[in-house]
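[1] sequence plus predicted model, see below.
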Amino acid sequence: MPEHSGPEWFIETGIGEDRAICVDDHTILAARVCWREPWRAGAVAPARLDHRHPGSRRGAVRLPDGTIATIDALPPGLTHGATLMVRITRAALAEQGRFKLMQCRPAGDAAPCPAPSLAATLADSGIPVRALGTLDRSFDTAGWDDLIEQAQTGIVDFPGGLLTISPTPAMTLIDIDGPPPLLPLAHAAVPALAASLARFDIAGSVGIDFPGLESRAERQAVDAALDLALAASGWRGERTGMNGFGFVQLISRLVRPSLIARMAFHPARAAAYALLRRAERVAEPGALLLVAHPDVLAAISPALEDELARRSGRSIRREARVGLALHGGFAQAIAP
């Protein structure tokens with residue numbers, strides 16, 4: 001880990017997954033993950049109008065590969081079958097029991113282009129960006145594994161209590177639990193709340209269930225503390241004041257799934273990318289044996305396996321173990 005010199009983005013380009021952490025003084029302030037889906041925010045492509053909602057500027061378009069996206073701000077007079085350029089504004093989102101289509105808007109006469117890479121997106125952040133090599137351990141030193149464990153469980157401990165973060169179809173819900181007295185508990189939760197939004201890349205609609213506070217003055221004091229913590233973390237959006245039941249809602253621009261959502265709705269895929277990352281780092285000579293739950297191995301496509309073979313210069317073997325947890329897989333060198 002480099003000596004402390006202020007916040008810096010570290011990026012690892014893995015097999016199937018790019019990951020980034022903003023680190024300051026060996027602490028992860030924010031994290032991003034990109035699974036290289038073709039239709040991410042910023043991509044521009046030709047599309048055909050599939051249908052238009054009567055009396056509105058909303059509808060749906062079909063992209064070149066047949067994928068459907070919802071669209072807003074349609075020009076007047078555009079009818080079924082018409083073609084137009086569109087810009088993706090939000091990636092598709094998986095949710096419990098359903099799937100939200102990606103969103104787009106007309107892009108005028110913009111030329112088709114792919115979505116910007118994670119590195120290109122972060123280059124506009126105003127924070128230095130450093131690309132790391134395969135064997136670099138900066139992610140490990142900063143606490144990446146702990147961050148991913150928190151994303152998997154949705155549990156974040158803080159002094160005096162814990163947060164439980166749950167993705168739902170309506171919003172991401174954050175519940176605050178801990179023993180009384182309740183006012184100190186609410187205040188203690190505020191820094192953890194603000195930090196979690198950036199650390200887990202949480203955006204969109206977020207509902208926070210604070211412990212019920214008796215007086216309006218107490219609620220206003222927590223509101224003020226939350227404002228300061230959100231501003232310090234760089235969060236941008238709108239929010240409601242705490243109501244009499246302790247509920248606060250945050251609204252910010254949503255363009256991609258959070259780490260919490262990825263772990264909740266694509267656990268095998270997340271575990272597969274983590275396994276491939278570990279496999280790249282095996283130092284001993286020989287073929288690479290991937291040992292994992294069958295669902296994890298199924299998420300490693302032939303193309304991903306070929307990339308691992310190319311990067312490592314080894315042949316790849318697989319061993320499925322039903323009894324392993326999804327994130328309990330490992331890679332080791334064996335005799336060719």
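    Nice, I can see it.
[2] can you map out the strands along the stretch 51-200 of the chain?
    In the stretch 51-200 of the chain, the strands defined using DSSP state E, counting those that start in this stretch lie at 59-62, 68-71, 83-90, 93-95, 98-100, 102-106, 129-131, 155-158, 161-167, 172-177.
[3] what are the bridge partners for L289, then?
    R317, Q332 (DSSP bridges).
[4] show me the one of the strands of the stretch 51-200 of the chain that comes nearest D223.
    In terms of C-beta to C-beta, the element of the strands of the stretch 51-200 of the chain nearest to D223 is strand 172-177, at 14.4 Å. Where C-beta positions appear, they are placed from N, C-alpha and C, glycine not excepted.
[5] any weak-confidence spans in this structure?
    1-4, 96-97 (pLDDT under 70).
[6] just want the most central residue of it.
    In the chain, the C-alpha nearest the mean C-alpha coordinate belongs to S258, at 2.9 Å (C-alpha atoms, centre = their mean).
[7] ok, the nearest residue to C104 once chain neighbours are set aside to A110 distance?
    Nearest in space to C104, with sequence neighbours left out and distances taken as C-beta to C-beta, 6 or more residues apart in numbering, is V86 at 4.2 Å. Between V86 and A110 the computed distance is 9 Å (C-beta to C-beta, to the nearest Å).
[8] need the overlap of contacts for the two.
    Listed as contacting both V86 and A110 by C-beta atoms under 8 Å, 6 or more residues apart in numbering are V44.
[9] what about the residue nearest to the residue nearest to the centre of the chain when sequence neighbours are not counted, how many neighbours?
    Leaving aside its sequence neighbours, S258 sits nearest to I202 (C-beta to C-beta, 6+ apart; 4.5 Å). The tally of other residues near I202 (other C-beta atoms under 10 Å) stands at 22.
[10] what do you get for E280?
    18.
[11] next, count neighbours for the residue lying closest to it once chain neighbours are set aside.
    Excluding the flanking residues, the one nearest E280 by C-beta to C-beta, 6+ apart is T134, at 5.3 Å. Here the number of neighbours of T134 (other C-beta under 10 Å) works out to 13.
[12] if I look at T134, how far off is R277?
    9 Å.
[13] the stretch 151-300 of the chain: helices as residue ranges?
    Using DSSP state H, counting those that start in this stretch, the helices of the stretch 151-300 of the chain run over residues 182-199, 216-233, 259-265, 267-280, 294-298.
[14] which one of the ones you listed lies closest to A91?
    Across the helices of the stretch 151-300 of the chain, closest to A91 is helix 259-265 (C-beta to C-beta), at 10.7 Å.
[15] for that closest one, packing partners?
    Applying 3 or more C-beta pairs under 8 Å, 6 or more residues apart in numbering; DSSP states H and E, one finds that helix 259-265 makes contact with strand 27-34, strand 93-95, helix 144-153, strand 161-167, helix 267-280.
[16] out of those, which gets nearest to D50?
    D50 lies closest to strand 93-95 among the helices and strands packed on helix 259-265, at 19.4 Å (C-beta to C-beta).
[17] elements contacting that closest one?
    Against strand 93-95 (3+ C-beta pairs under 8 Å, 6+ apart) you get strand 98-100, helix 259-265.
[18] how is the chain partitioned into domains?
    What automatic domain parsing lists as the domains of the chain is 8-37+116-139, 44-106, 144-259, 266-334.
[19] tell me the bridge partners for T164.
    Beta-bridge partners of T164, as defined by DSSP bridges: I155, D175.
[20] spatially nearest residue to L29 (excluding sequence neighbours)?
    Closest to L29 by C-beta to C-beta, 6+ apart is C22, at 4.6 Å.
[21] sheet partners, orientation included, of the helix or strand that contains that neighbour?
    Under the criterion of DSSP states H and E, C22 resides in strand 18-24. When pairing is defined by DSSP bridges, strand 18-24 lines up against strand 8-13 (antiparallel), strand 27-34 (antiparallel).
[22] got the buried residues for it?
    18-23 (16 or more other C-beta atoms under 10 Å).
[23] and for stretch 43-57?
    Quick answer for stretch 43-57 (16+ other C-beta under 10 Å): 43-45, 47, 49-50, 52.
[24] now distance to A268 too, for those residues, in TSV please.
    Rendered in TSV, the data for the buried residues of stretch 43-57 read as follows (distance: C-beta to C-beta, whole Å):
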residue	distance to A268
A43	26
V44	31
A45	29
A47	31
L49	36
D50	31
R52	37
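[25] TSV for those, including secondary structure and distance to I165?
    Shown next, in TSV, are those (DSSP: H, G, I helix; E, B strand; the rest coil; distance: C-beta to C-beta, whole Å):
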residue	secondary structure	distance to I165
A43	coil	28
V44	strand	33
A45	strand	33
A47	strand	35
L49	strand	38
D50	strand	35
R52	strand	37
